[in-house]
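In: this is the structure alone, sequence omitted:
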């Protein structure tokens with residue numbers, strides 16, 4: 001009798017332990033197959049995963065009993081349900097579409113506030129988070145990481161003239177704005193990117209389109225609008241000091257906070273480089289060791305912004321003193337020429 005009971009126990013345990021096949025299809029609301037869905041199956045202490053194929057098909061080998069199925073896909077809401085399966089089964093899992101909504105971005109470079117979805121032209125927005133990640137010194141370093149912009153660098157050092165080419169046009173065919181005010185030169189239409197420090201920039205709006213109807217013939221390539229910072233957080237002071245190769249040094253101080261309904265942000269920075277270094281010059285089959293001279297630069301800027309919901313006062317001053325090195329020849333080049341640039345912008349707006 002005991003032997004018969006043992007045999008029956010082993011027989012039933014083998015039957016219930018036998019694996020069964022769970023198959024299924026992943027479809028959407030219109031009954032179209034959804035490929036590359038992640039299917040997770042949980043049963044007791046086991047965990048299995050698979051990916052649906054091009055027709056939405058998937059398959060598992062499981063033990064009879066309850067199983068939990070979780071289906072994930074980027075374009076659909078997550079599906080999660082528990083089934084009791086005792087034999088080979090075919091499932092159809094329908095996923096509902098998921099709508100991903102991004103925060104609206106307001107563009108002002110069109111001379112009126114508009115969302116990016118309402119503008120027919122290609123608009124590129126560079127926010128302050130992106131600017132901080134680039135560890136940039138000037139506007140040049142920021143624009144180098146944007147699309148469809150070619151930065152023209154006349155010398156390589158941080159303070160040498162730098163311009164851009166937008167949509168294949170010349171540097172004089174792109175208008176630069178500072179908080180909506182034109183800062184491109186009225187003489188040659190060019191703006192030197194190396195003069196604009198990155199620490200005062202909050203957002204950059206780049207419109208890749210012909211806006212000559214709004215800004216004149218020099219906006220054939222497009223418009224770049226630089227929005228300066230308006231601090232709302234209570235901060236007493238922030239001081240940053242950095243140095244790099246070839247004697248490059250930079251000092252930046254920020255003071256910001258709020259006073260009743262007003263918020264303020266002030267900043268001062270100074271960037272200095274001696275511009276004196278040795279380099280190799282190839283002459284026939286020989287290399288000469290020459291020294292770069294008179295490539296020094298000293299750039300200082302002062303920025304102040306006071307604003308609330310209905311009023312903004314902003315002033316920005318840049319002073320740049322740069323040496324102009326001589327042309328590279330087989331002889332040790334030397335020059336004493338310098339270039340002094342001063343730029344002052346004042347903006348007062350109410351609403």
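Out: Perfect, I can see it now. What you see is a predicted model; the values in this text were computed from it and never measured.

In: who's residue 80 bridged to?
Out: Residue 80 has these beta-bridge partners by DSSP bridges: residue 70.

In: same check, this time on residue 343
Out: When bridges are called by DSSP bridges, residue 343 pairs up with residue 318.

In: for residue 269, report the pLDDT, please.
Out: Looking at residue 269, its pLDDT stands at 90.

In: got the phi/psi numbers for it?
Out: Backbone geometry at residue 269, expressed as degrees, to the nearest 10, gives phi -140, psi 150.

In: count the neighbours of it for me.
Out: 21 (other CB atoms under 10 Å). Bear in mind the C-beta positions are built from the backbone N, C-alpha and C, glycine included.

In: name the SS class of residue 189, please.
Out: coil (DSSP: H, G, I helix; E, B strand; the rest coil).

In: near it, how many other residues are there?
Out: The number of residues near residue 189, taken as other CB under 10 Å, comes to 18.

In: residue 349 sits in which helix or strand?
Out: Here residue 349, judged by DSSP states H and E, is contained in strand 338-350.

In: where in the stretch 151-300 of the chain is pLDDT low?
Out: Applying pLDDT under 70 to the stretch 151-300 of the chain flags the ranges 155-159, 231-235.

In: the strands in it, which residues?
Out: Applying DSSP state E, counting those that start in this stretch to the stretch 151-300 of the chain gives strands spanning 162-166, 174-178, 181-182, 201-208, 222-228, 235-243, 249-259, 262-273, 277-283, 286-292, 297-307.

In: among these, which is nearest residue 27?
Out: Judged by CB to CB, the one of the strands of the stretch 151-300 of the chain that comes nearest to residue 27 is strand 201-208, at 40.1 Å.

In: list the strands paired with that closest one, with their directions.
Out: Strand 201-208 has these strand partners (DSSP bridges): strand 122-127 (antiparallel), strand 222-228 (antiparallel).

In: contacts for that strand next, please.
Out: For strand 201-208, the external contacting residues (CB atoms under 8 Å, 6 or more residues apart in numbering) are 107-110, 119, 121-128, 131, 139, 142-143, 146, 148-149, 166-167, 222-230.

In: drop anything exposed from these.
Out: Among those, those buried by neighbour count (16 or more other CB atoms under 10 Å) are 107, 109-110, 123-124, 126, 131, 139, 142-143, 146, 149, 166-167, 222-230.
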